[in-house]
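1. Below: sequence and its predicted model.
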Amino acid sequence: MNATVTGDVAFSPGLTAADPSTRAWLLEATLRLRREVAWRWHQRGGAADGSGRLPATDGSVVDSLDLRRHWTEKQAFFREDVAARYLSEQIVAAHGGDDQRDGQNGSASEGAYVPSWTIRGVRLDAVSSLALGLGLLARADAASGAIFGACLGDGSRTEPSLALVQRLADHPGEALSIADPGHILWRSGLIQPIERATSSIPWDVGYGVPPVVAAHLLDPDGPWPASLTRLGRGDGPEPAGVGPGHPVTDRIRIPPFALRVVPVDAPAGADVPAAVAALAEAVGRDVALVGADAAELAATGALHPLITLAWLSDVDLLVTERLDGMARQPGRTTTADALAAAGAVPITVFLRAGRETLGAVPRDLALPAVRLAPFTFEERIARWRRSLGPRAKELDAGLDECARRFRFEAETIDEVAAGLRARPSTVSREELFAACRAVIRIDMHGLAQPVAPRFTPDELILPGEQRRQFDEIERAMRSLTVVHHGWGTGRAWNEAGISVLFAGPSGTGKTMAAEVLAVALDLPMYRVNLAQVVDKFIGETEKNLERVFDAADASDSILFFDEADALFGRRTEVKDAHDRYANLEVSYLLERMERFKGLAILATNRRGDLDDAFLRRLRYIVDFPVPDAAERRRIWASAIPRSVATDELDLDFLAKQFQLTGGNIRSAVLNACLQAAAQAPAGGAPGRPVLGMEHVLVAVKREHDKFQRAVGPAQFGAYAPLIEAARA
């Protein structure tokens, strides 16, 4: 029989597939469509006209598809028409002659033939095989779209539907079983509706085999999609704790009967693929990595087909989701939703995702989690040496400090090391630290802001005792590597950093001292925004603080809590639920601050309001007093810009007469400069700008007025007339 009966779009008579089952599905679908086309021509009063055109898709054709009215006539046509009988015989022959006949006359045209196929352990009955074959045909040959349209009576419909399956099946009633959303074809992802349905499978809406699944069925030995990568074992050491002895290996060694999810809890930058590959190898399985974000794949409907493809390929999957806490949008399919929808696929999915996603995974799908411990100091050192290769010798002196300061995992270390290996010149210790700092992406979620230090160590003026304490803090931070990892204190103290308290009146230099430490230690500094951290809802404050501390723990940094008494307040007697939860916040802070590995600086001008339990956890407490006359003299001198002429200023008088803090002095200097600049000649006098005594004295008086401190003419001494002149 001439295979070209399908119209202007040439149907592919030589269409083949590598797998015998797939060839049979495609051939049966093709033959049944051709037989249906022959029936359409018969209904129009004749046979195909030889031109290769398809029957018209008008209303009469649609009417002729009424199965109840024309079933007997249609079956008689299949028996009596030469072409239709030939096609019926070919349908049986497509299955290798393994025909089971239950009709009296044994005619295949009566629909007695009941073929069945098994795909990865799932048995498909005759109508399911037909539905799958039609879906494959739609993907394998674009020309088939015209035939679907002709058989459906609508030329615009180029995909098969369940209605078409019913019309082509020998037993139309059997097609109703496929309309169940729980049917294996839908649940396994072998076919998907073109338009998504919420709770039911649309009868007249087209469906198809996902392209990645169709490609595998048509050519099982063909290449995988670019989004899948088979994991292999590297030449490095096996990640700790994920070998044959891991508790989850006993569970995943048993072949699954449905989808099972193994949560993977790992720190940022950990070599999760290597750990999962080692775990899978311990039970004799292969794993493929999904190279795109799981949440995006789920939202676009692309995750389920990849799960199906992995099942057909007999591999497990590792999928990852961005850990930045993407908010769930109404109507958006999440990763957990996609996994639940694919629950019938017998496959193991290793899932690395945030807590919200892992918590949403159905309990019947979840296995015990695989938890990867963060690299220890020794493991970071070993990874740096392995990744740097010969370059490690150049940086031997700085690797210990680098490994403590930057608590990177395998992937991040490899990324930095690759860039350093590519440098043509020798890499210094400072360049190593700068490269590490460049890859850090700390997201404080708006709860803390980075601070650009403004002051140098020479500008910090403190009394002798406080200065010695300040220097001790700096030396202690520089000695953490040696003491924790050389002397062995890191194990007992969990590699903890240092927490200090700066206490004193406003303007005495607490913030300035924190910025000076950031400069001296070359550490990034973040000011915690208490307005964003403290939340009226129970438990939210602790969550916000956890985000801040976890983000800052990635590498050495300074967390600065200004007005810390508002957050680290004294615990009270529990009289109601509010007191109880307020005490929980303080208790959490005590525990979390003790585990912080950087430098935490608390600043307060109300030391008495802090909880006493904090004092034990603070390494240093520095009291910032109001400066004395000598210190004020130095502050005045350092606060005035060097480009300004100060010949007219009596700094000794200013320091002796006015007991101002450093903050007040700097404020007065700025105000005085602004007024002096406003009164300068329009053209600007040549030479250095001059700051007069009258400008400074007026600014000093304004500082006293801000705090409602009375200051009389006697305090201005010989300069009182300048104040009177300014008033006039």
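-> Here it is on my side, so go on. Numbering: from 1, shown residues only.
2. what's the average pLDDT for stretch 515-529?
-> Stretch 515-529 shows a mean pLDDT of 91.
3. got the contact list for that stretch?
-> 433, 437, 442, 444, 446-451, 453-457, 459-460, 470, 473-474, 477-478, 514, 548, 552, 555-562, 567, 598-599, 601 (C-beta atoms under 8 Å, 6 or more residues apart in numbering). C-beta here means a position set from N, CA and C on the backbone, and glycine is covered the same way.
4. and those, which of them are in helices?
-> Counting by DSSP state H, these place Phe433, Arg437, Phe470, Ile473, Glu474, Met477, Arg478, Ala514, Val548, Ala552 in helices.
5. What subset of these is buried?
-> For the ones in helices among the contacts of stretch 515-529, a neighbour count by 16 or more other C-beta atoms under 10 Å gives the buried set as Phe433, Arg437, Phe470, Ile473, Met477, Ala514, Val548, Ala552.
6. Give me the pLDDT for the second one.
-> To tie it back to what came earlier, the one meant is Arg437. 88.
7. mind listing what's buried in stretch 140-149?
-> Neighbour-count burial for stretch 140-149 [16+ other C-beta under 10 Å]: Ala140, Asp141, Ala143, Ser144, Gly145, Ala146, Ile147, Phe148, Gly149.
8. Let's test this: mean pLDDT of it, rounded?
-> Computed over stretch 140-149, the average pLDDT equals 80.
9. same check, this time on stretch 308-327
-> Stretch 308-327 comes out at a mean pLDDT of 82.
10. which residues in the stretch 501-650 of the chain form helices?
-> Here the stretch 501-650 of the chain has its helices, by DSSP state H, counting those that start in this stretch, at 510-521, 530-533, 540-552, 577-595, 612-617, 629-639.
11. Make TSV from the ones you listed and add distance to Gly135 to it.
-> Compiled in TSV, the helices of the stretch 501-650 of the chain are given as follows (distance: least, C-beta to C-beta, whole Å):
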stretch	distance to Gly135
helix 510-521	63
helix 530-533	52
helix 540-552	46
helix 577-595	55
helix 612-617	65
helix 629-639	79
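12. deepest of the ones you listed, which one?
-> Stretch with highest mean neighbour count among those: helix 510-521 (a mean of 21; mean count of other C-beta atoms under 10 Å).
13. returning to that earlier point: take the buried ones among the ones in helices among the contacts of stretch 515-529 and write them to JSON lines, including distance to Asp705.
-> Listed next are these as JSON lines, based on distance: C-beta to C-beta, whole Å:
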{"residue": "Phe433", "distance to Asp705": "48"}
{"residue": "Arg437", "distance to Asp705": "45"}
{"residue": "Phe470", "distance to Asp705": "33"}
{"residue": "Ile473", "distance to Asp705": "36"}
{"residue": "Met477", "distance to Asp705": "41"}
{"residue": "Ala514", "distance to Asp705": "29"}
{"residue": "Val548", "distance to Asp705": "38"}
{"residue": "Ala552", "distance to Asp705": "40"}
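14. In this structure Arg407 contacts Ala552, no?
-> No. With contacts counted by C-beta atoms under 8 Å, Arg407 stays clear of Ala552, the gap being 10.8 Å.
15. Could you list the alpha-carbon positions for stretch 548-559 in PDB?
-> Output in PDB follows, covering the C-alpha atoms of stretch 548-559 (Å, rounded to 0.1, in the frame of the first residue of the first chain):
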ATOM      1  CA  VAL A 548      23.200  37.900  60.200                       C
ATOM      2  CA  PHE A 549      25.500  35.600  62.100                       C
ATOM      3  CA  ASP A 550      25.500  32.900  59.500                       C
ATOM      4  CA  ALA A 551      26.200  35.400  56.700                       C
ATOM      5  CA  ALA A 552      29.100  36.900  58.700                       C
ATOM      6  CA  ASP A 553      30.600  33.500  59.600                       C
ATOM      7  CA  ALA A 554      31.600  32.800  56.100                       C
ATOM      8  CA  SER A 555      34.800  34.800  56.700                       C
ATOM      9  CA  ASP A 556      36.300  36.900  59.400                       C
ATOM     10  CA  SER A 557      34.400  40.100  59.700                       C
ATOM     11  CA  ILE A 558      33.300  42.700  62.300                       C
ATOM     12  CA  LEU A 559      29.700  42.800  63.400                       C
END
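16. which stretch in the helices of the stretch 501-650 of the chain is the model least sure about?
-> Among the helices of the stretch 501-650 of the chain, helix 577-595 carries the lowest mean pLDDT (a mean of 63).
17. Tell me which of the helices of the stretch 501-650 of the chain lies nearest to Leu309.
-> The closest of the helices of the stretch 501-650 of the chain to Leu309 is helix 540-552. By C-beta to C-beta, the value is 35.7 Å.
18. on contacts alone, who are the packing partners of the helix or strand Ala677 falls within?
-> Per DSSP states H and E, Ala677 falls inside helix 662-678. When contacts are defined as 3 or more C-beta pairs under 8 Å, 6 or more residues apart in numbering; DSSP states H and E, helix 662-678 sits against helix 629-639, helix 693-706.
19. pull the CA atoms of it into CSV?
-> Output of helix 662-678 as CSV, limited to C-alpha atoms (Å, rounded to 0.1, in the frame of the first residue of the first chain):
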residue,chain,number,x,y,z
GLY,A,662,35.4,63.7,70.7
GLY,A,663,32.1,63.5,68.8
ASN,A,664,31.1,67.0,70.0
ILE,A,665,34.5,68.4,69.1
ARG,A,666,34.3,67.0,65.5
SER,A,667,30.8,68.3,65.2
ALA,A,668,31.9,71.8,66.3
VAL,A,669,34.8,71.8,63.9
LEU,A,670,32.6,70.9,61.0
ASN,A,671,30.0,73.6,61.9
ALA,A,672,32.8,76.2,62.3
CYS,A,673,34.3,75.3,58.9
LEU,A,674,30.9,75.6,57.2
GLN,A,675,30.4,79.1,58.7
ALA,A,676,33.9,80.3,57.9
ALA,A,677,33.5,79.1,54.3
ALA,A,678,30.2,81.0,54.0
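20. and the angle for that helix with helix 629-639?
-> On the basis of axes from the mean of the first three to the mean of the last three C-alpha atoms, to 10 degrees, helix 662-678 is oriented at 40 degrees to helix 629-639.
21. In stretch 449-458, which residues are buried?
-> Applying 16+ other C-beta under 10 Å to stretch 449-458 flags Val451, Pro453, Phe455 as buried.
22. check contacts around the second one.
-> Pointing back at Pro453 there. Glu515, Val516, Ala518, Val519, Met525.
23. Would you format these as a markdown table with distance to Val290 included?
-> Output for the contacts of Pro453, formatted as a markdown table (distance: C-beta to C-beta, whole Å):
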| residue | distance to Val290 |
| --- | --- |
| Glu515 | 45 |
| Val516 | 48 |
| Ala518 | 41 |
| Val519 | 45 |
| Met525 | 39 |
